[in-house]
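Trainee: following is a predicted model, sequence given first.
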Amino acid sequence: MRRILSMLMLMMAGVVGLMAQTATPPPQTFSATVYLDYRAFLSNAGPVTLEPGANTAAYLNNQFVFRRAYFTYENKISDNLKFRFRVDGDNTANVTGVTLTGSPATGVSLGKDDKLRPFIKHLYVEYANFLVPKMVLNVGMIETLTFKPAEERWGLRSVAKTLVDGYQDITKANIAATSADIGVTLKYSVAKYFRLAAGIYNGAAYSHAENDGFKEVELQAQITPVPGLSIVGYYDYERKLPVAALPAEIKPAAATYKIDAFFEMVKDLVIGGEWVTFKADLNQTDGAKYGRSGWSAFGRYALKPKLSLFARYDSYMPNSLDRDLDMSLVIAGFDWAPYNAAWRLQPNVWFYNYRSGVRYNANATKDSDVVFNLTFFLSF
């Protein structure tokens, strides 16, 4: 009888334990990341992409600015299923009202403000071990495959975007790249040192609704021939809507080719590089197509657990038919966590060099610019 009672008690304990385990809510995390800068121009005027307008001296100098504020919610629903919701915020001006002017009203005035406004950046589900082990499926508003490998090794998104991500910010020339879009990706670790990924997206970026019937396809392959050395190849392609300026038989398209290489064999040292070229049928001058390309090399070294040095060199070629537009950028600084990794100070200096000079007002050109940033990185 005692044996039966003991067995029954063990069974009941097991059932109660199973119920308690089942009733445990899935792990949920909330996190936030903020980039705040103090910016000052050390040269006579600011870089061309920071100017508020053409031929004006009202440059955005001596200012504090929030560049980004992320808030992320993640829910690990099961061992294989995860959900992410991320809200981003920036200072893009918004139209807040329309006022008729004159008496009687003869014109329209647009009311605008520059409040740090939130928008959805990520909204997706992730399923691990999809179909086969080590295959990951993402569906929704997701990260693209374009920037991630270089961004992870650079590790200083708070200081500067990587080459491709920030190409238009530096040169004013677009290479049709975005960090997030609506679509589907599959990532598969074929072997320990070989990974493949593919994605299909709207191609309009996360901030726009689909605007044509075409989709962007992205392919990525990463190999690690020896531990600490990684090489990543990337390609994307998308058809574009025909335009009247092109012959009817041409079906315009755009494609990006990219190669990254990362050296991490030495303790506390990361060295990386990326090369990219962008080709689009719509980029033409007098019937001749031109490409846009660039390359970047960077290094990051941890002197102490709370102090790192970093440097980077970028080279840009916005138009292969006009090399006078070439420019370069050097970024250097250090990353210091005086009290905790959640709060970091990142003083950094940007050196711009313009191959043939750029016009910064109606009467003068300049060959270079120097900008100082004191970046506050907050994460909690």
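Mentor: Okay, I see it. Just so it is clear, the structure is predicted and the values come from calculations on it, not from any experiment.
Trainee: so who does residue 155 touch?
Mentor: 270, 300 (CB atoms under 8 Å, 6 or more residues apart in numbering). (Glycine included, C-beta is placed from N, CA and C.)
Trainee: now the helices for the stretch 1-150 of the chain?
Mentor: 2-23, 148-154 (DSSP state H, counting those that start in this stretch).
Trainee: any low-confidence regions in the chain?
Mentor: 1-26, 44-46, 48-60, 91-114, 244-246, 248-249, 358-364 (pLDDT under 70).
Trainee: determine the longest strand present in it.
Mentor: strand 343-361 (DSSP state E).
Trainee: ok, it: who's next to it in the sheet?
Mentor: Strand 343-361 has the following strand partners under DSSP bridges: strand 327-340 (antiparallel), strand 364-379 (antiparallel).
Trainee: for the ones you listed, give me CSV that also has mean neighbour count and distance to residue 295.
Mentor: Converted to CSV, those look like this (neighbours: other CB atoms under 10 Å; distance: least, CB to CB, whole Å):
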stretch, mean neighbour count, distance to residue 295
strand 327-340, 16, 10
strand 364-379, 16, 20
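Trainee: residue 278 touches residue 291, doesn't it?
Mentor: Yes: using CB atoms under 8 Å, residue 278 and residue 291 qualify as a contacting pair, with a distance of 6.4 Å.
Trainee: so which of those two has more stuff around it?
Mentor: Neighbour count, other CB atoms under 10 Å: between residue 278 and residue 291, residue 278 has more, with 23 against 17.
Trainee: buried set for stretch 252-268?
Mentor: By 16 or more other CB atoms under 10 Å, the buried positions in stretch 252-268 come out as 252, 254, 255, 256, 257, 258, 260, 261, 262, 264.
Trainee: would you check which pair of the residues you listed lies furthest apart?
Mentor: The span of the buried residues of stretch 252-268, defined through CB to CB, is set by 252 and 264 at 39.9 Å.
Trainee: for burial, what's the neighbour tally of residue 217?
Mentor: When neighbours are counted by other CB under 10 Å, residue 217 comes out with 17.
Trainee: residues touching it, list them.
Mentor: 198, 199, 200, 236, 237, 238.
Trainee: beta partners for it?
Mentor: residue 200, residue 237.
Trainee: was I right to think residue 309 contacts residue 270?
Mentor: No: counting by CB under 8 Å, residue 309 stays clear of residue 270, with 11.3 Å between them.
Trainee: mutual contacts of these two, please.
Mentor: 300, 301.
Trainee: who has more neighbours out of these two?
Mentor: Under the criterion of other CB under 10 Å, the comparison of residue 309 against residue 270 puts residue 270 first, with 20 against 13.
Trainee: if I look at that one, how far off is residue 303?
Mentor: 13 Å (CB to CB, to the nearest Å).
Trainee: re earlier: kindly export the longest strand of the chain (C-alpha atoms) in PDB.
Mentor: Taking C-alpha atoms only, strand 343-361 is exported to PDB below (Å, rounded to 0.1, in the frame of the first residue of the first chain):
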ATOM      1  CA  TRP A 343      26.500  54.300 -21.000                       C
ATOM      2  CA  ARG A 344      29.400  54.900 -23.400                       C
ATOM      3  CA  LEU A 345      31.200  58.100 -24.500                       C
ATOM      4  CA  GLN A 346      32.600  58.000 -28.000                       C
ATOM      5  CA  PRO A 347      34.500  61.100 -29.100                       C
ATOM      6  CA  ASN A 348      35.200  60.900 -32.800                       C
ATOM      7  CA  VAL A 349      36.400  63.100 -35.600                       C
ATOM      8  CA  TRP A 350      35.400  62.900 -39.300                       C
ATOM      9  CA  PHE A 351      37.800  64.100 -42.100                       C
ATOM     10  CA  TYR A 352      36.100  64.600 -45.500                       C
ATOM     11  CA  ASN A 353      38.200  65.100 -48.600                       C
ATOM     12  CA  TYR A 354      36.700  66.100 -52.000                       C
ATOM     13  CA  ARG A 355      38.700  65.300 -55.000                       C
ATOM     14  CA  SER A 356      37.900  68.400 -57.000                       C
ATOM     15  CA  GLY A 357      36.400  70.600 -54.400                       C
ATOM     16  CA  VAL A 358      32.700  71.300 -53.800                       C
ATOM     17  CA  ARG A 359      30.800  74.600 -53.700                       C
ATOM     18  CA  TYR A 360      29.700  75.600 -50.300                       C
ATOM     19  CA  ASN A 361      28.400  79.100 -51.100                       C
END
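Trainee: partners of residue 353 in the sheet?
Mentor: With DSSP bridges as the rule, residue 353 is bridged to residue 328, residue 368.
Trainee: list the contacts for it?
Mentor: 327, 328, 329, 330, 367, 368.
Trainee: count of neighbours near the closest residue to residue 195 other than its chain neighbours?
Mentor: Nearest residue to residue 195 in three dimensions, chain neighbours excluded: residue 222, at 4.5 Å (CB to CB, 6 or more residues apart in numbering). The local packing of residue 222 (other CB under 10 Å) involves 19 other residues.
Trainee: residue 222: which element?
Mentor: strand 216-226 (DSSP states H and E).
Trainee: for that strand, buried residues please.
Mentor: Here strand 216-226 shows 216, 217, 218, 220, 222, 224 as buried, counting by 16+ other CB under 10 Å.
Trainee: distance to residue 346 for those - can I get that in JSON lines?
Mentor: Shown next, in JSON lines, are the buried residues of strand 216-226 (distance: CB to CB, whole Å):
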{"residue": "216", "distance to residue 346": "33"}
{"residue": "217", "distance to residue 346": "36"}
{"residue": "218", "distance to residue 346": "31"}
{"residue": "220", "distance to residue 346": "29"}
{"residue": "222", "distance to residue 346": "28"}
{"residue": "224", "distance to residue 346": "29"}
